[in-house]
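> kindly generate the corresponding structure for this input.
(one chain, ligands or ions: 1)
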Amino acid sequence: MSSGRKLLIRGGRRIEGEIAVQGAKNSALPILAACTLCKGRCEIYNCPRLSDCDAACRILTSLGCACKREGNAVSVNSSAITSGEVSEKLMREMRSSIIFMGALLGRCGRCRMSFPGGCEIGSRPIDFHLEAFRRMGAKIHEEHGYIVCTAARLHGAKVSFPVPSVGATENVMLAAVLAEGVTEIHNAAREPEIRDLAGFLAACGARIDGAGTGTVRIEGVKSLGGCAYTVMPDRIAAATYLCCGAITRGEILLTHCDHGSLEPVASVLEQTGCSIYSFGNDSVYLNARKTLKAPDLIRTAPYPGFPTDAQPPIMALCTTLPGTTMFAETIFENRYRHVSELIRLGAKIKVEGQVAVVEGVNRLSGAELEAGDLRGGAAMVTAALFAEGTTKIGHTCYIDRGYEDIESCLKSVGADIRTV
Ligand code: EPZ
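Have a look, this model is predicted:
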């Protein structure tokens with residue numbers, strides 16, 4: 001992660017053009033972790049070039065896997081995996097490395113990693129993950145800030161989550177594919193990335209039904225081979241670029257994207273008055289050359305609800321739409337960090353707990369901002385494209401975690417953006 005690099009954006013230019021959407025970070029990460037379950041070699045295509053994916057590859061290497069990236073393809077050979085331990089240093093680089101726990105338990109029968117802790121947007125508890133592993137026969141204890149899980153061989157179990165959890169659903173799937181017997185996950189997360197992970201695992205020989213629905217059933221098998229697999233498009237990066245097109249009242253064509261998974265965001269953008277068309281099986285076109293208006297309410301929810309990750313960029317758009325939008329952020333307790341920065345641009349936003357009320361203004365003016373988290377940083381880029389004058393955004397390392405080449409992507413569709 002490059003520290004000190006800043007993005008300089010001069011706003012007021014329409015976004016017009018075409019962007020090929022990157023592979024999905026939140027699918028690539030669990031798939032990279034899943035490679036540790038496989039005795040053969042895995043070729044992962046459309047793996048986005050992101051610092052989070054680099055961190056996952058460093059973890060694979062530290063576990064004794066052979067891991068090599070060539071452009072957007074990553075090859076992983078876990079036949080000689082030597083360890084089930086993720087160091088504190090590597091965990092601190094990326095807290096979502098918790099996603100390695102299920103796979104390492106399944107493959108090695110042991111996993112030791114430091115407590116992932118919270119992050120900028122919330123405390124990010126992992127109680128659902130640990131409770132599920134216990135039900136599958138794992139012994140878990142915590143010592144000196146580390147979690148140590150051991151299981152001679154995991155056995156199938158019936159697991160039910162109080163609320164759908166993407167990471168916990170994925171972790172249980174990864175622990176269950178080599179477990180003895182059948183595991184059922186109830187109130188499972190339905191995010192498209194869950195289906196993508198199941199597609200990868202099935203390509204390696206796993207037996208999984210119901211991925212993408214509220215009930216996932218995994219029948220354990222003896223071992224998994226390797227496979228070649230292409231990661232799905234990133235629906236949150238796609239949503240962000242649609243917001244960039246909309247806030248500049250321009251038009252943007254996204255290719256290599258999956259319009260089905262974009263539906264919850266597309267329907268909100270249509271409420272603002274944007275025209276959105278999807279055609280072929282991987283293109284989405286947005287036209288915002290018209291009078292737009294604020295949507296009344298945006299409430300984040302587990303898929304197929306409105307995705308929490310798209311809340312910051314769509315809030316940036318709403319700060320410029322005539323009318324008032326109420327946001328209800330129901331997933332994470334601290335996901336309005338971008339609000340204070342948007343206010344520095346002249347936005348009118350009031351936050352009360354999980355609710356934020358945005359009153360649209362017809363102008364924003366450039367300012368110096370600091371990104372505080374990944375999607376909050378994306379919101380600042382989105383708003384800067386509209387703001388008069390120049391906006392400087394610091395701590396862009398947060399943005400690099402989830403957006404591949406955001407500067408060249410936006411420059412290619414007419415944005416005045418550069419790195420200083
Ligand atoms: C995944 O995080 C994504 N990260 C997040 O994207 C995304 O915002 C989130 O899902 C929700 O869609 C990755 O996939 C790497 P959860 P995850 O478990 O799995 C509570 C981004 O910007 N919970 O679905 O950690 C939790 O507190 C990132 O790309 C427990 O209480 O999210 C939250 O309120 C940010 N106990 C809710 O469940 C647990 O054991 C949903 O969280 C686990 C979760």
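> the ligand contacts on the chain?
Counting by CB under 6 Å from any ligand atom, the chain comes close to the ligand at 25-26, 29, 96, 122, 124-129, 163, 165-168, 189, 308-309, 331-332, 374-375, 402. Just so you know, the C-beta spots here come from the backbone N, C-alpha and C atoms, and that holds for glycine as well.
> skipping its backbone neighbours, what lies nearest Ala198 in space?
With CB to CB, 6 or more residues apart in numbering as the criterion, Ala198 has its nearest non-adjacent residue at 3.3 Å, and that residue is Ala211.
> how close does the one you found get to the ligand?
For Ala211, the distance to the ligand (CB to the nearest ligand atom, to the nearest Å) stands at 15 Å.
> ok, now how distant is the residue lying closest to Arg135 once chain neighbours are set aside from Pro30?
Excluding the flanking residues, the one nearest Arg135 by CB to CB, 6+ apart is Ala157, at 4.2 Å. Applying CB to CB, to the nearest Å, the value for Ala157 to Pro30 is 20 Å.
> of these two, which one has the most company?
Applying other CB atoms under 10 Å to Ala157 and Pro30 shows that Pro30 carries more neighbours, namely 27 against 20.
> and the host helix or strand of the more buried one, what other elements does it pack with?
Pro30 is part of helix 25-34 when elements are defined by DSSP states H and E. Counting contacts by 3 or more CB pairs under 8 Å, 6 or more residues apart in numbering; DSSP states H and E, helix 25-34 is packed against strand 41-45, helix 51-62, helix 100-108, helix 166-176, helix 192-203, helix 235-247.
> and it, how far from the chain's centre?
Centre-to-centre, helix 25-34 and its host chain are 10 Å apart (CA atoms, centre = their mean, to the nearest Å).
> quick one: residues contacting Gly11.
Taking CB atoms under 8 Å, 6 or more residues apart in numbering, we find Gly11 in contact with Leu364, Gly366, Ala384, Leu385, Phe386, Ala387, Glu388, Gly389, Thr390, Thr391, Asp416.
> so which of the residues you listed belong to helices?
Counting by DSSP state H, the part of the contacts of Gly11 found in helices is Ala384.
> what mean pLDDT does stretch 280-299 have?
On average, the pLDDT along stretch 280-299 is 95.
> ditto for stretch 334-354
Here the average pLDDT along stretch 334-354 is 97.
> quick check: pLDDT value at the residue in the stretch 51-200 of the chain positioned nearest to the ligand.
In the stretch 51-200 of the chain, no residue comes nearer to the ligand than Gly167, which is 2.7 Å away by CB to the nearest ligand atom. pLDDT for Gly167: 98.
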